[in-house]
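A.B. asks: This is the structure alone, sequence omitted:
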Ligand SMILES: CC(=O)N[C@H]1[C@@H](OP(=O)(O)OP(=O)(O)OC[C@H]2O[C@@H](n3ccc(=O)[nH]c3=O)[C@H](O)[C@@H]2O)O[C@H](CO)[C@@H](O)[C@@H]1O
Ligand SMILES: C=C(OP(=O)(O)O)C(=O)O
């Protein structure tokens, strides 16, 4: 069992290249099922969620291999149609395999998805999209079964915006008969990247206007290659890590154009940044201003996935800050852990009030991915040593957070407590 040890107090500085994006690569791996050749995903992050998705693809018949960070997916022999809940329950993104399986084999049976326990996370919008395209869905014994003769293009007007449901609808629509128009789609960059990948496989997709995507069904798709873009949430996490120590960081491959909402808050807190030849150069030495009010929103608003990392920074900034979480109802779980470190935090429903103070190192437990990363950030700023348990949650989305932060001169290491 691994634990992360952090000796707080170092001022972070240095350059880093961030891993490929988790939330981009996972739907792209699912999309590869829609063709019968080989897809190559360059710059694929070697994170637990990618391993979990790879295992699921193996069960369905996909042959995979790695060359460094390039993942090869040979989808020529996909005959499996069923994925047990012990596999789907490890990650949220497993649910969109339903749309891919329907597109490929007209049938899919999957267990319920898992992922971070940060709210109820229903799948009604996913099922609504699939049903609209003609799938017959039944739910029993903890499984969701979807069948269709041939999916048929439709107008789908999402009542609410959902990243996963938009991805689900896209995967199901590209091989459906005729035209599908998706309205009120999510606008996150991951949707654009998925569309690009599907287009490279031969899909006919066009973005009409904000939130509206038109898909012209085709009869088959082919293999392709794509470079997975840098992870915008990991980039933001490392900016927060440097900010908590009032240090600086240069991100060599930051995803330009995807970080605006975060960078605006960073600047208001007293941080400075500039883009130079594709690099993001950020200096957190001047971070000193609290954030009177911030709320998480769908893209291009402030991302919910960076709410906990930012909250960790704000526990160190003098004055009162307030954050409202609008996307997931249970995303303040780390507050009790931060309180153990001496943070002054009050949670009231979907809002949290933070009064900046000094933190002290202690033993902490991560219970979900971004909350776990946020505990590491708080530990970097704290006096003394912190030990963070629950490392597998962090590994779901960070390839090697200790290695990356050591590049930035943090004193941090992983210990396997069974082997000492
Ligand atoms: C693997 C992946 O890409 N995960 C991201 C994805 O999650 P995910 O795709 O699960 O997030 P959604 O955009 O679907 O969720 C947004 C909101 O819609 C609700 N909802 C969603 C689907 C549904 O059928 N019914 C419903 O009510 C959710 O409970 C939530 O309140 O987008 C989230 C919001 O940017 C990010 O935090 C996650 O990191
Ligand atoms: C919530 C997240 O992931 P998932 O949707 O995979 O649980 C996340 O990446 O912060």
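C.D. replies: Right, received. Where do you want to start? Keep in mind it's a predicted model, so treat the numbers as computed, not measured. Ligands and ions are numbered 1, 2, ... in the order given.
A.B. asks: Spit out the contact partners of residue 259.
C.D. replies: 232, 235, 236, 280 (C-beta atoms under 8 Å, 6 or more residues apart in numbering). Bear in mind the C-beta positions are built from the backbone N, C-alpha and C, glycine included.
A.B. asks: Going by distance to residue 201, which of those residues wins?
C.D. replies: Distance to residue 201 across the contacts of residue 259 (C-beta to C-beta) is lowest for residue 232, with 23.6 Å.
A.B. asks: thinking the closest one is in contact with residue 19, fair?
C.D. replies: No - applying C-beta atoms under 8 Å as the test, residue 232 and residue 19 come out as separate, 11.3 Å apart.
A.B. asks: that older thread, looking at the contacts of residue 259, which one is closest to residue 374?
C.D. replies: Among those, and counting by C-beta to C-beta, the member closest to residue 374 is residue 236, at 11.2 Å.
A.B. asks: On the pLDDT front, check the closest one for me.
C.D. replies: pLDDT for residue 236: 98.
A.B. asks: next one: the one 5 residues further on
C.D. replies: Reported pLDDT at residue 241 in the predicted model: 98.
A.B. asks: what's the spatially closest residue to it that is not a sequence neighbour in contact with, if anything?
C.D. replies: In this structure, residue 241 finds its nearest non-sequential neighbour in residue 377, 5.0 Å apart by C-beta to C-beta, 6 or more residues apart in numbering. Residue 377 is in contact with 237, 240, 241, 244, 309, 312, 313, counting by C-beta under 8 Å, 6+ apart.
A.B. asks: So which residues make contact with stretch 199-208?
C.D. replies: So stretch 199-208 is contacted by 31, 34-35, 39, 170, 174, 181, 192, 195, 198, 213-218, 220-226 (C-beta under 8 Å, 6+ apart).
A.B. asks: In helices, which of these appear?
C.D. replies: Counted as lying in helices by DSSP state H, out of the contacts of stretch 199-208, are 31, 170, 192, 195, 198.
A.B. asks: out of those, who's nearest residue 66?
C.D. replies: residue 31 (18.8 Å).
A.B. asks: Now do the same contact list for that closest one.
C.D. replies: 100, 171, 194, 197, 198, 201.
A.B. asks: can we see that at 6 Å?
C.D. replies: Residues near residue 31 by C-beta atoms under 6 Å, 6 or more residues apart in numbering: 171, 197, 198.
A.B. asks: where does it land on pLDDT?
C.D. replies: pLDDT for residue 31: 98.
A.B. asks: neighbours of the residue in the stretch 151-300 of the chain that ligand 1 sits nearest to, just the number please.
C.D. replies: As assessed by C-beta to the nearest ligand atom, ligand 1 sits closest to residue 164 within the stretch 151-300 of the chain, at 2.8 Å. By other C-beta atoms under 10 Å, 23 other residues sit near residue 164.
A.B. asks: What is the helix or strand hosting it packed up against?
C.D. replies: Using DSSP states H and E, residue 164 sits in helix 163-173. Counting contacts by 3 or more C-beta pairs under 6 Å, 6 or more residues apart in numbering; DSSP states H and E, helix 163-173 is packed against helix 97-105, helix 124-132.
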